[in-house]
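Peer 1: structure, please.
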Amino acid sequence: MTAHSAMAAFETAGGCLTVGGIPLDRLAERVGSTPFFAYDRRLIERRVRELRAALPASIALHYAIKANPMPAVVQHLARLVDGFDVASAGEMHVALDTGMPPGEISFAGPGKTDAELRQAIASGVTIELESFLEAGRVAALGEALGIRPRVAVRINPDFQVRGSGMRMGGGAQQFGVDAELMPQLLRDIAARELEFLGFHIFAGSQNLHADSIIEAQNRTIELVLRLCADAPGPIRYLNIGGGFGIPYFERDEALALGRVGANLAQLAGVASERLPEAQIVVELGRYLVGESGLYVTRVVDRKVSRGKTFLVVDGGLHHQLAASGNFGQSIRRNYPIAIGNRTASPAQETVSIVGCLCTPLDLLADNVSLPLARVGDLVVIFQAGAYGLTASPTAFLGHPAPAQVLV
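Peer 2: Numbering: from 1, shown residues only. Below is the predicted model of the structure:
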């Protein structure tokens, strides 16, 4: 993905990028300081509309809060989606504060503490069990509280997803219970005071290949149909994950959402016959919010070192680790980037953009062609709506945290 194609989602006015209709330079004054993250609520709404149009109406759409837990973003999404997935008690409290019914909130992730589990049981959210021991702990805590916990089981599938940026299923994993061990776990659940709801299978994330996602969804349904005979009750909840990717780099192509939706329509038909009580859930995070966000940082210096021009900005990897290439990239590539207050100017120089930290890892863009930038100009990194601030080492070197705004 190029900066031009990423910028196309945002309007411009007078040579300046706008967010939510507000020119970037004015927005910077409104925020009061740089760097900051800005999220465009209209782009989030547009993405949800696109998903609703592509997915069958019977599919529930859940938001994985880990992608962007900013309370204002989660509150905005509460009226657009059908449920939330959380991965900590902190995220659970953000979700509950929106008024989302607790029964539409699921709590996944390994290593849940007893304190977190007690809060989840008391709240009435669905706990996605990740191990035999966790099942026993949840049952014991529920008995102590006098509450029958709502549970589903996260399955580590016996297949892997091709093309995922991060594989979270297949092989040996810290996530979920191996598929071949599921019959025994389901018998254990049947013997305990647990309200069994169904299954969660999430095999991989950041996948741009429709064929791969379709194959994973097909195999997910096949696996569930094999396991449902051992279930201690009817399957009422079936979270098939998501993994829909967004383009970040040059030559990345957007996911063919229509093909994925058409396949889901066929699977929904099969499920309605074989699992008539099951609510199929597609759980998405990055795909809902990733392209709605910008990281905005200001040029504070420009220098030439042995023929190479550097723009030094007041932000860096401590806020936007992923753009520096230190969050999952094996080969560093540039995120789409622009001079946000000079969108009408042509590219005139090749520069590298570095942050304010005392480490050579603090490289936000390397050898990019941009308009001539001056001290005070606003550098914009696109695709910053997911896994930005909260996935970055904000305490590194003691710089202040950036602001976040939903516009």
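
Peer 1: any stretches of the stretch 101-250 of the chain with poor pLDDT?
Peer 2: Applying pLDDT under 70 to the stretch 101-250 of the chain flags the ranges 161-172.

Peer 1: 90 instead?
Peer 2: 157-179, 202-206, 228-229, 250 (pLDDT under 90).

Peer 1: can you give me the helices in it?
Peer 2: Counting by DSSP state H, counting those that start in this stretch, the stretch 101-250 of the chain has helices at residues 114-123, 132-145, 182-190, 210-227.

Peer 1: out of those helices, deepest packed?
Peer 2: Across the helices of the stretch 101-250 of the chain, averaging neighbours per residue (mean count of other Cβ atoms under 10 Å) puts helix 210-227 on top, at a mean of 19. C-beta: built from backbone N, CA, C; applies to glycine.

Peer 1: any figure for the gap between G198 and R154?
Peer 2: Using Cβ to Cβ, to the nearest Å, G198 is found at 11 Å from R154.

Peer 1: I meant to write P336 there.
Peer 2: With Cβ to Cβ as the criterion, P336 and R154 are 34 Å apart.

Peer 1: can you check T12 too?
Peer 2: In terms of Cβ to Cβ, T12 sits 44 Å off from R154.

Peer 1: so for these two, which residue has more residues nearby?
Peer 2: R154 (26 against 15; other Cβ atoms under 10 Å).

Peer 1: if I look at that one, how far off is G111?
Peer 2: On the measure of Cβ to Cβ, R154 and G111 end up 13 Å apart.

Peer 1: one more: V281?
Peer 2: 23 Å.

Peer 1: of those two, which one has the most company?
Peer 2: Set V281 next to G111 and count neighbours by other Cβ under 10 Å: V281 wins out with 23 against 10.

Peer 1: hang on, the more buried one in a strand?
Peer 2: Yes - counting by DSSP: H, G, I helix; E, B strand; the rest coil, V281 is part of a strand.

Peer 1: so what's it scoring on pLDDT?
Peer 2: As summarised for this prediction, V281 has a pLDDT of 97.

Peer 1: I figured it hits S58, correct?
Peer 2: No - applying Cβ atoms under 8 Å as the test, V281 and S58 come out as separate, 10.8 Å apart.

Peer 1: any idea what N239 is bridged to?
Peer 2: Beta bridges link N239 to H200, V281, judged by DSSP bridges.

Peer 1: from R219, how far off is it?
Peer 2: Distance from N239 to R219, by Cβ to Cβ: 15 Å.

Peer 1: who does the host helix or strand of D301 pair with, and is each partner parallel or antiparallel?
Peer 2: Using DSSP states H and E, D301 falls within strand 293-305. Here strand 293-305 is paired, per DSSP bridges, with strand 36-39 (antiparallel), strand 308-313 (antiparallel), strand 378-381 (antiparallel).

Peer 1: just how off-centre is the second one within its chain?
Peer 2: Relative to its parent chain, strand 308-313 has a centroid offset of 31 Å by Cα atoms, centre = their mean, to the nearest Å.

Peer 1: ok, now stretch 227-244?
Peer 2: 22 Å.

Peer 1: alpha carbons of that stretch, in PDB - could you do that?
Peer 2: Coordinates of the C-alpha atoms in stretch 227-244 are reproduced here as PDB (Å, rounded to 0.1, in the frame of the first residue of the first chain):
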ATOM      1  CA  LEU A 227     -16.700 -32.300  18.300                       C
ATOM      2  CA  CYS A 228     -20.300 -31.400  18.900                       C
ATOM      3  CA  ALA A 229     -21.200 -35.100  19.600                       C
ATOM      4  CA  ASP A 230     -19.100 -34.900  22.800                       C
ATOM      5  CA  ALA A 231     -20.500 -31.500  23.900                       C
ATOM      6  CA  PRO A 232     -22.300 -31.500  27.200                       C
ATOM      7  CA  GLY A 233     -25.200 -29.500  25.600                       C
ATOM      8  CA  PRO A 234     -26.300 -27.800  22.400                       C
ATOM      9  CA  ILE A 235     -23.800 -25.500  20.800                       C
ATOM     10  CA  ARG A 236     -25.200 -22.000  21.300                       C
ATOM     11  CA  TYR A 237     -22.000 -19.900  20.700                       C
ATOM     12  CA  LEU A 238     -19.500 -20.500  17.900                       C
ATOM     13  CA  ASN A 239     -16.800 -17.900  17.600                       C
ATOM     14  CA  ILE A 240     -14.900 -18.700  14.400                       C
ATOM     15  CA  GLY A 241     -12.400 -15.800  14.900                       C
ATOM     16  CA  GLY A 242     -11.600 -13.500  12.100                       C
ATOM     17  CA  GLY A 243      -8.000 -12.800  11.100                       C
ATOM     18  CA  PHE A 244      -9.100 -10.400   8.300                       C
END
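
Peer 1: for it, list every residue counted as buried.
Peer 2: Residues of stretch 227-244 classed as buried by neighbour count (16 or more other Cβ atoms under 10 Å): L227, C228, A231, I235, Y237, L238, N239, I240, G241, G242, G243, F244.

Peer 1: leaving out sequence neighbours, find the closest residue to the third one.
Peer 2: Looking back up the chat, that one is A231. L186 (5.7 Å; Cβ to Cβ, 6 or more residues apart in numbering).

Peer 1: and the pLDDT for the residue in the chain sticking out farthest from the centre?
Peer 2: With distances taken as Cα atoms, centre = their mean, the residue sitting farthest from the centre of the chain turns out to be R306, at 40.3 Å. Predicted confidence (pLDDT) for R306: 95.

Peer 1: quick check: it vs N367, distance?
Peer 2: Counting by Cβ to Cβ, the gap from R306 to N367 is 14 Å.

Peer 1: tell me the domain ranges of this structure?
Peer 2: 3-39+291-406, 69-284 (automatic domain parsing).

Peer 1: what about the strands in the stretch 301-407 of the chain?
Peer 2: Using DSSP state E, counting those that start in this stretch, the strands of the stretch 301-407 of the chain run over 308-313, 337-339, 349-354, 363-370, 378-381, 403-406.
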